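In: Let me see the structure of the following:
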Amino acid sequence: MIGNFVTRIFLVALFAKSLIESILDKRNLDHILKNRHSVPEKFSSSISLADHQKAADYSAEKIKANQVFHLIDLIIFLAWTLGGGLEALNRISLSLGRSDIQSGLIFFALLGLISSILALPHSLYFTFVIEEKYGFNKTTWKVFISDLIKGASIAVVIGGPIAYSILLIMKQLGSLWWLYAFIFLTVIQLLLVFIYPTFIAPLFNKFSPLADGEVKDKILQLLDRCGFKSSGLFVMDASKRSGHGNAYFTGFGKSKRIVFFDNLLHSLDAEEVEAVLAHELGHMKKKHILKSMIKSIVFSFIGFAVLGHLKDNIYFFNGHGLQTINNHLALTLFSMVAGVYTFLLTPVSSYISRRHEYEADEFASKNAKATRLISALVKMYKDNASTLTPDPLYSKFYFSHPPALERVSYLEKL
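Out: Numbers count the residues shown, from 1 in each chain. Coordinates of the predicted model:
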């Protein structure tokens with residue numbers, strides 16, 4: 001009885017999530033196409049109608065493709081859970097006669113392999129069809145396959161020992177296993193933040209020191225004004241995969257690096273690069289990255305605590321389509337279904353992120369020229385074919401950054 005009740009709750013939550021996603025996607029698609037035929041007045045002098053329509057068509061095509069893949073993902077999700085897929089994969093893993101932990105690792109490996117194969121059509125279609133059609137794809141088949149191999153290798157080398165350790169903790173450390181697992185995983189995640197810039201990222205991209213010149217001079221002056229120290233300024237060969245430009249910080253403490261996509265430096269002038277970096281510095285100075293890490297740690301703690309309660313709960317397993325209770329199934333099932341129940345937190349997270357963006361823009365306006373940040377953003381909207389007219393409700397629900405019109409209007413006030 002209770003298991004059936006859990007199943008009904010699960011299906012209602014899943015249906016509500018899918019319905020909200022579909023309604024928001026439809027609203028966004030309709031709003032973009034409705035405004036396709038004219039450039040918003042604020043951007044009419046800097047973005048042509050042809051570029052605006054390209055962005056609208058690009059966004060519309062991505063939305064339509066996502067609608068199809070969302071349906072496929074929903075079917076796969078139900079097949080894994082209520083359809084008995086996880087149960088069947090578990091039987092295969094246990095049939096090999098290994099220990100509990102070894103069976104769990106085999107289960108994770110098979111699940112990862114199958115999931116990667118099932119995700120390939122989505123990745124291939126977006127990379128080699130949509131991105132190619134709109135001139136953004138620079139990824140060759142050689143690079144694509146190389147990325148898959150490297151990603152799988154990292155999953156085995158790093159993910160394997162982590163999975164083994166958590167399964168061992170679950171087996172050996174009693175009812176408070178979840179607390180020890182949380183502490184262990186938090187330490188590992190912080191360690192990965194330190195080693196990512198120097199050991200993992202270079203496996204996928206080439207990082208070169210930023211060349212001397214006006215751009216570097218502007219950046220060094222900005223860093224000096226803001227009292228910010230980094231371990232280096234680097235240019236990443238992002239153009240070998242995509243035509244999209246960006247800049248970001250990576251690392252933590254003394255290992256912080258400032259990284260520019262090479263295609264971003266090709267499209268912006270020195271003052272615009274300075275303004276973009278000032279915005280990113282704003283995130284550091286306002287402690288947004290630290291706050292995000294703390295939020296992630298808090299949610300991780302809550303997640304482990306909940307899983308600690310559900311790990312041996314037969315109704316949790318039965319209600320989501322599983323008959324067998326063991327540690328690796330508990331980890332997998334919880335990670336799969338948690339997003340269904342936390343989906344309605346999405347707009348809260350999005351709102352907080354947008355507030356951070358406004359605060360970073362305010363910092364940038366005090367340490368660089370707001371007008372140059374506006375011109376840089378407009379160029380990036382144009383170069384990345386970002387829609388200027390998203391649906392307001394959709395953007396409030398999902399967007400981590402303010403929509404173009406709202407953000408530029410806010411910068412103009414500054």
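In: OK, contacts around A60?
Out: 29, 32-33 (CB atoms under 8 Å, 6 or more residues apart in numbering). To be clear about C-beta, it is placed using only N, CA and C from the backbone, and glycine gets the same treatment.
In: Give me the secondary structure label for it.
Out: helix (DSSP: H, G, I helix; E, B strand; the rest coil).
In: rewinding a little: got a quick ChimeraX command for the buried subset of the contacts of A60?
Out: Remark: buried members of the contacts of A60, expressed as a ChimeraX selection using 16 or more other CB atoms under 10 Å:
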select :29,32
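In: which among the contacts of A60 gets closest to F249?
Out: I32 (31.3 Å; CB to CB).
In: Was I right to think that closest one contacts S59?
Out: Yes: at 5.4 Å, I32 and S59 qualify as touching, with contact defined as CB atoms under 8 Å.
In: Which of the contacts of A60 fall within helices?
Out: Within those, residues falling in helices by DSSP state H are 29, 32-33.
In: Let me have those in CSV, adding pLDDT and distance to I297 as columns.
Out: Shown next, in CSV, are those (pLDDT from 0 to 100; distance: CB to CB, whole Å):
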residue, pLDDT, distance to I297
L29, 97, 37
I32, 97, 37
L33, 96, 41
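In: Among the residues you listed, find me the one that's closest to N318.
Out: Of all the ones in helices among the contacts of A60, N318 sits closest to L29, with 38.7 Å by CB to CB.
In: What residues are bridge-paired with the closest residue to Y196 other than its chain neighbours?
Out: Ranked by CB to CB, 6 or more residues apart in numbering and with sequence neighbours excluded, the top spatial neighbour of Y196 is T250, at 6.4 Å. Beta-bridge pairing of T250 under DSSP bridges involves R257.
In: Which strands and helices lie in contact with the helix or strand harbouring N90?
Out: Element membership of N90, judged by DSSP states H and E, is helix 85-94. Packing partners of helix 85-94 (3 or more CB pairs under 8 Å, 6 or more residues apart in numbering; DSSP states H and E): helix 100-125, helix 327-342.
In: which strands and helices sit next to the shortest one?
Out: Packed against helix 327-342 by the contact rule (3+ CB pairs under 8 Å, 6+ apart) you find helix 2-34, helix 85-94, helix 100-125, helix 160-172, helix 288-310, helix 314-319.
In: could you give the mean pLDDT of the third one?
Out: For helix 100-125, mean pLDDT rounds to 96.
In: Quick check: next helix or strand after that helix?
Out: helix 131-133.
In: Run the chain-centre distance for that following helix.
Out: Centroid separation for helix 131-133 versus its chain: 21 Å, with CA atoms, centre = their mean, to the nearest Å.
In: how many neighbours does A16 have?
Out: Using other CB atoms under 10 Å, A16 is surrounded by 13 other residues.
In: do the same with the one 10 residues further on
Out: A total of 14 residues lie near K26 under the criterion other CB under 10 Å.
In: What pLDDT is listed against it?
Out: K26 is given a pLDDT of 97.
In: pLDDT value on the residue nearest to Y196, please?
Out: We have a pLDDT of 71 for T250.
In: List the contacts of it.
Out: Contact analysis of T250 by CB under 8 Å, 6+ apart lists 196-197, 201, 256-257, 259.
In: any idea which of those residues has the most stuff around it?
Out: Neighbour max across the contacts of T250 (other CB under 10 Å) = V259, 24 neighbours.
In: where's that one relative to G282, distance?
Out: Note on V259: its distance to G282, by CB to CB, to the nearest Å, is 17 Å.
In: Which of the ones in helices among the contacts of A60 sits closest to K287?
Out: Among the ones in helices among the contacts of A60, I32 lies closest to K287 (CB to CB), at 34.9 Å.
In: who touches the closest one in this structure?
Out: If a contact means CB under 8 Å, 6+ apart, then I32 has 56, 59-60, 63, 387, 389-391 as its contacts.
In: Pull the distance from stretch 66-85 to the chain's centre.
Out: So, by CA atoms, centre = their mean, the centroid of stretch 66-85 is 20 Å from its chain's centroid.
In: Please apply the same query to stretch 87-104.
Out: With CA atoms, centre = their mean, you get 31 Å for stretch 87-104.
In: what's it in contact with?
Out: Residues contacting stretch 87-104 (CB under 8 Å, 6+ apart): 106-107, 110-111, 114, 163-164, 167-168, 171, 321-324, 326-329.
In: for this protein, what are the low-confidence residue spans?
Out: The chain contains residues with pLDDT under 70 at 1, 3, 251-255.
In: hang on, the earlier thing: now distance to H70 too, for the contacts of T250, in CSV please.
Out: Formatted as CSV, these follow (distance: CB to CB, whole Å):
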residue, distance to H70
Y196, 30
P197, 34
A201, 30
K256, 37
R257, 35
V259, 32
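In: Taking the residues you listed, tell me the two that lie furthest apart.
Out: A201 and K256, at 13.2 Å, using CB to CB across those.
In: OK, contacts around A330?
Out: Counting by CB under 8 Å, 6+ apart, the residues that A330 touches are 170, 307, 310-312, 317.
In: and which of those is nearest T139?
Out: Lowest distance from T139 to the contacts of A330 (CB to CB) belongs to L307, with 36.9 Å.
In: Would you check that the closest one makes contact with L331?
Out: Yes: counting by CB under 8 Å, L331 is a contact partner of L307 at 7.4 Å.
In: D237 and F204 touch, don't they?
Out: No: D237 is beyond contact range of F204, at 9.9 Å (criterion: CB under 8 Å).
In: ok, for L111, nearest residue in space, not its chain neighbours?
Out: L89 (6.2 Å).
In: can you tell me how far the one you found sits from N367?
Out: In terms of CB to CB, L89 sits 53 Å off from N367.
In: S230 in helix, strand or coil?
Out: S230 - assigned by three-state DSSP - is coil.
In: give the contact list for it.
Out: By CB under 8 Å, 6+ apart, S230 lies in contact with 223, 249, 256-258.
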